[in-house]
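Chemist: need coordinates for the following:
(one chain, ligands or ions: 1)
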Amino acid sequence: MNHCISGQSPSQGTTEARTESENAEVALQNIVEGFQRFRTEVFPQQKEFYRALASAQRPRAMFITCADSRIIPELITQSSPGDLFVTRNVGNVVPPYGQINGGVSTAIEYAVMALGVHHIIVCGHSDCGAMKAVMDPPSMESMPTVKAWLRHAEVARTVVEQNRCSCAGRDTLEVLTEENVVAQLDHLRTHPSVAARLASGQLFIHGWVYSIETAEIKAYDAEQGRFRPLDSEGSIPMATPRPRFHQR
Ligand SMILES: [Zn+2]
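Modeler: Predicted structure coming up:
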């Protein structure tokens, strides 16, 4: 049985049906009704599956993405509960090690050390509000916490600004979104737990950008230094550096 989040079209209360913004009461009611449908209709059909999950998790990968409501990691990868260890924040940011002992760093260490994940995927997306804010710093003046958080993406803005000529003809937001993923992969590698397992070839890192409009994913190919479509043709683009040690 497939337990993944279904790909059914949006129904009552979801984006497509919501032409005008609903009031707070209706919004909450929709969420609670959704939970009740899950509990009475979905859950009973998959009881055994949830029972098996009840006491342990062994996720296939850690998935770090933006908090944007349009990005659902389990939906776009057709994953089931227990498959992905997900961490989300504004701008799919990974603070460099040692700067903030916050939720992202904690989740990375736990995923690598306690859960032993073999893959960490950093996934940006099209039309990202965080990336738009990075391009327009005054827009963050009334949001000091957002401004402070997104300083971890400043490196991407500088890279794009200083290399503008070589990305002529491409949408700046698109280039910035890709560069931000590359920057966060660099930050990811500063975490000792990640660095140690990358060096021994036990961990693989991936940088993706998902398009909301077309459902395409472009993945960073570190060897070629560019993003390539993640499709069924050819090899899967990899952002993992070459290992230097062999695990004994
Ligand atoms: Zn975003």
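
Chemist: quick one: H191 from A61, how far?
Modeler: With distances defined as C-beta to C-beta, to the nearest Å, the gap from H191 to A61 amounts to 16 Å. (C-beta placed from N, C-alpha, C; glycine too.)

Chemist: mind checking the SS state of the spatially most central residue of the chain?
Modeler: Here the mean C-alpha position of the chain is nearest to the C-alpha of T65 (C-alpha atoms, centre = their mean), at a distance of 1.9 Å. The assignment at T65 comes out as strand when based on DSSP: H, G, I helix; E, B strand; the rest coil.

Chemist: quick check: chain neighbours aside, which residue is closest to it?
Modeler: C123 (4.2 Å; C-beta to C-beta, 6 or more residues apart in numbering).

Chemist: my read is that the one you found contacts I71, right?
Modeler: Yes - look at C123 against I71 with C-beta atoms under 8 Å: they come within range, at 7.3 Å.

Chemist: can you pull the residues that touch both of those two?
Modeler: Between them, C123 and I71 have T65, Y210 as joint contacts when contacts are counted by C-beta atoms under 8 Å, 6 or more residues apart in numbering.

Chemist: quick check: domain ranges of this protein?
Modeler: The record's domain parsing of the chain by automatic domain parsing lists 1-56, 58-229.

Chemist: quick one: closest of these to the ion.
Modeler: Between the ion and these, the shortest separation by C-beta to the ion is 3.2 Å, and it involves domain 58-229.

Chemist: can you give me the buried ones in the longest helix seen in the chain?
Modeler: Counting residues, the longest helix in the chain under DSSP state H turns out to be helix 172-188. Across helix 172-188, burial judged by 16 or more other C-beta atoms under 10 Å covers 173-185, 187-188.

Chemist: quick one: E41 from Y50, how far?
Modeler: Distance, E41 to Y50, using C-beta to C-beta: 14 Å.

Chemist: and for T106?
Modeler: According to C-beta to C-beta, T106 stands 26 Å off from Y50.

Chemist: now V94
Modeler: From V94 over to Y50 (counting by C-beta to C-beta), the distance is 31 Å.

Chemist: near the ion, which residues of this protein show up?
Modeler: Contact residues, the chain versus the ion (C-beta under 5 Å from the ion): C66, D68, C128, A130.

Chemist: residue contacts, the residue nearest to the centre of the chain?
Modeler: The contact partners of T65, taken as C-beta under 8 Å, 6+ apart, are I71, P73, V86, T87, R88, N92, I121, V122, C123, G124, H125.

Chemist: great, nothing more from me.
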